[in-house]
Structure formats: C-alpha cells, structure tokens
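K.L.:
need coordinates for the below:
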Amino acid sequence: MTPPAEDTFMNHPSGPPRSSILGRGSYAESLRIGAILRKETVGGALLVAGAVIALIWANSPAADSYFALRDLKIGYEPWHLELSLGAWAADGLLAIFFFLVGLELKREFVAGDLRQFSKSIVPIAAAAGGVIVPAVIYTFINASSPETLRGWAIPTATDIAFAVAVLAIIGSHLPSGLRIFLLTLAVVDDLIAISIIAIFYSTDIQLPPLLFALIPLGAYTFLAQKYRRFFGTKPVAAWLILLPLGVAVWALIHASGIHATVAGVLLGFAVPVIRSQASGGPNAGPGLSEIFEHRFRPISAGIAVPVFAFFSAGVAVGGWEGLGTALSGSVAIGIIVALVLGKPIGILGTTWLLTKITKASLDSSFKWIDVLGVSMLAGIGFTVSLLVAELGFGQGSIHDDHAKVGILAASLLAAILASIVLSTRNRQYRIAEAEEAVDSDEDGIPDVYQQEHRP
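P.N.:
Have a look, this model is predicted:
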C-alpha cells in the first residue's frame, strides 16, 4: 500500500496550516529516488576514479600515450563515423547517459510526483534559477571576449553522480524531501542543458539526415508502445530489435549536425511509462520505462560516464605555472565563480522567492541551511560541463583546457563547501529520518518492508 503524498504540514503550533515546499513526497517516490541514488553513488565513485586517472596520466611522463589514445580514430568514414575515441565517448557513450535522462524526465512528469504542479514548480523554477544566474555571471566576466563567451553554458549543469558520491563520502542522511529535490533539480537541469546543446551548439544542420531519422524513431516508438509487455519480459528482444533502430536514430542525428546525445533523449521519451492493460494496468507494477531504467543505469553509471570522464578530464596542466595561468584566465574564473557562487544564489534565491510569493514554508524536516547545502552541492558541474566545454571551444584547444581546469577546481570547491555545511547537519537528518520511519509505520507499512527498501 502506498500512502498518499502529504501536501501540507502544520509548521507552527498555532494559526492555520501553511502549504509546504520541498515536501517529502509519496513514500513510493522516496523508495524509487533512494534506489536511484544508491546506484549513482557507485557511478559517482567510478566517475571520480576515471577523472583522477586521466589527470595523473595526462600530466605524467607518459602523457603522450594518453593523448594518442584519446585521439585514436576508428569507425567508418563514408558514414561520417570515423571518430576519435574521445569523440566516441562524448557522442556515443554519453547518448546512453542522456537516454536515462529522457526516461527519468518522462517518468517524473507522467507518473512521478512532478506530475503535480504544486510539487513540480519548485524544482523546475530552482533549476531555471540555477542555470540563468551562473550563465549571467560567466557572461559578465567574459563579456569583453567573444572567443571565450562561447562557454557561457558550461557552468549551467549539475552532475548528480558526482554530487551523490560526495553525499556517500560524508555519510549524509538527507531527508527524503531534499533527496527528491536534488535529483529532480538535476534532471530538470539536464533537460535545460540538452535544449542548450541542441539549440546553441549544433552547427551546419543537414535536413535530409534529420528527416530520415524520423523513420527509425517512428518505428522504435511504435514498437515500444505497442509491444511494451513483450520488451519488458524479453530482455534479449530489446537488444535485437530496439537497439538497432536506436543506433540508426543516433547515426542519422549525428550526421545531421545536431549533437548525437539528443538522440538518447528522444529515444528515452519514446518509451512508455505506464504499464499496459494487458499486463495489469498502472497499478500492477513498473512500466517499460522503469524496467529499461533498471537495465541500463548500471551501463550508464558504470561504463559510459566514467569512460567519458576518462577521455575528457585529461588535461596537461603544465606544472604549477601552467595551473596558475589556467586559473587566472577569464574562462576558469568565470566557471569557478558561476558554479561555486552562481548555482547556490540561483537555486536558493529562487526557492526563497517562491516562498515569499506563495506564502509557503519549508517542510518541517529541514531548514534553509539544508537547502543552501544542496544548492552548493549542485555547483558540482562535471559530466555535462565537460561536454559543453568541448562543444564550445573544441577538444584540446587552450580555452577547452582552461575550462576543464575551471570545471575540476569548481567541482572540488563546491564539493568541499557542501560537505562542510551538510556534515554539520547529519544529527538533524538522522532525527528527520526516524520521524519519516514513524510516519511510515502509522501508514501501515510493515517494518520489514521499510528496512529493506528505505532510501
């Protein structure tokens, strides 16, 4: 039995109840979010490991072998698919990551808590604020240089895997409301980043391949919708039937000039969320979207994103002098200030403004200092930021190298600051976690079920 979501909480002993923002959401949603975050914790650790190995290798005596590996080209040139390994990681493997983003986005707005406007408005607005403010800050710092201004979108993204890895390291017990807020914030953030990539970083659009891509995309959508039960119960069928169609969509969109990761999002949107009536309807269990999410998230978090980080994070710093030169440039300064200060200002400021406009209050399980900590954590912009840097400046260019240094420095600084804030609140989080368990008991959910599935 899934308890109903709580829309309001009595935050004061006297007076009428005030509506609550960043509430706990439904218990089922908390379980699902917790399961996702546990998987992202492993992915985040692998992501960090890939980046560290790349940095060490790229600045070692064997640095030439790293760059030779990254720039090694493989593929079929007549189909415009002779790409370097670094490009395959950015265009190909990251498409898997964005496929998961598409699945998650659609599920949130079709069957998740975000289908309710009252619950979706806060993370959507906060994500928008967390994109606009960093972009404005970077633009202001680089306004005098049209060449570096192309990187304005670099500090707009949040890396949820990296952020969750930080939470795991500090052992934070974030209340479910904050966990849901962080994940949905990152998902909406990714949607905005995808839109930015498709609109501002796609060049020389070729219409014929784009139109031809509609054919395999239409076939993929029809089959996934019509035979959702078949693909849900027969994993091999998805690999043999849907995967080739997905690869065709990816290849044609890549040839069209639109960044190929957009194909991953479109394919994710095409997968049905609700369980078919033949399988018992919406209440009988997870739909095909959630099934695919469970199947492919380990591939994304365990292989695709770490390999991309390995090929993208490797930058030859050039010793302390080179590091100082990179960090003193307007590109790195713009990214660091935008991620470390701009993200918290945009997210926290927008959330606070909504409370004033709607007369709402925070959920009783946390305070504004907790929202500040999560907002700082959102300043970890790694995977998508590295991708946008390569798209904006070109892989291996001096500005791209400076951008990577800025991204790494900003993400590390944001992680440290967020850890300081959130670790001091762990005692309060444990109390809130215990209260959530009591609330679940009152709703009739067995203790054993809670122990096995609690996030």
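
K.L.:
now Ser144: phi and psi?
P.N.:
Main-chain torsions, Ser144, degrees, to the nearest 10: phi -90, psi 0.

K.L.:
ignore what I typed, I meant Ser361.
P.N.:
Torsion angles, degrees, to the nearest 10, at Ser361: phi -130, psi 170.

K.L.:
how about Thr203?
P.N.:
The phi/psi pair for Thr203 (degrees, to the nearest 10) is phi -130, psi 150.

K.L.:
please apply the same query to Leu362.
P.N.:
phi -70, psi 160.

K.L.:
pretty sure it sits against Trp352.
P.N.:
No - the criterion here is Cβ atoms under 8 Å, and Leu362 misses it with Trp352 at 9.8 Å. C-beta coordinates here come from the backbone N, C-alpha and C atoms, glycine included.

K.L.:
give me the common contacts of these two.
P.N.:
Trp368 (Cβ atoms under 8 Å, 6 or more residues apart in numbering).

K.L.:
give me the more crowded residue out of the two.
P.N.:
A side-by-side neighbour count of Leu362 and Trp352, using other Cβ atoms under 10 Å, places Leu362 first with 21 against 15.

K.L.:
Lys99 - how many residues pack around it?
P.N.:
You called it Lys, but residue 99 is Phe. 27.

K.L.:
flag every buried residue along the helix or strand it falls within.
P.N.:
With secondary structure defined by DSSP states H and E, Phe99 is part of helix 94-110. Neighbour counts over helix 94-110 (16 or more other Cβ atoms under 10 Å) mark 94-109 as buried.

K.L.:
ok, stretch 340-354 next?
P.N.:
Applying 16+ other Cβ under 10 Å to stretch 340-354 flags 340-348, 350-351, 354 as buried.

K.L.:
need those residues in a markdown table with secondary structure, can you?
P.N.:
Below are these laid out as a markdown table (DSSP: H, G, I helix; E, B strand; the rest coil):
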| residue | secondary structure |
| --- | --- |
| Val340 | helix |
| Leu341 | helix |
| Gly342 | helix |
| Lys343 | helix |
| Pro344 | helix |
| Ile345 | helix |
| Gly346 | helix |
| Ile347 | helix |
| Leu348 | helix |
| Thr350 | helix |
| Thr351 | helix |
| Leu354 | helix |
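
K.L.:
with distance to Val315 and pLDDT added, can I get those in CSV?
P.N.:
Listed next are the buried residues of stretch 340-354 as CSV, based on distance: Cβ to Cβ, whole Å; pLDDT from 0 to 100:
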residue, distance to Val315, pLDDT
Val340, 19, 96
Leu341, 23, 96
Gly342, 23, 95
Lys343, 22, 95
Pro344, 26, 95
Ile345, 28, 96
Gly346, 27, 95
Ile347, 28, 94
Leu348, 31, 94
Thr350, 33, 93
Thr351, 34, 91
Leu354, 39, 87
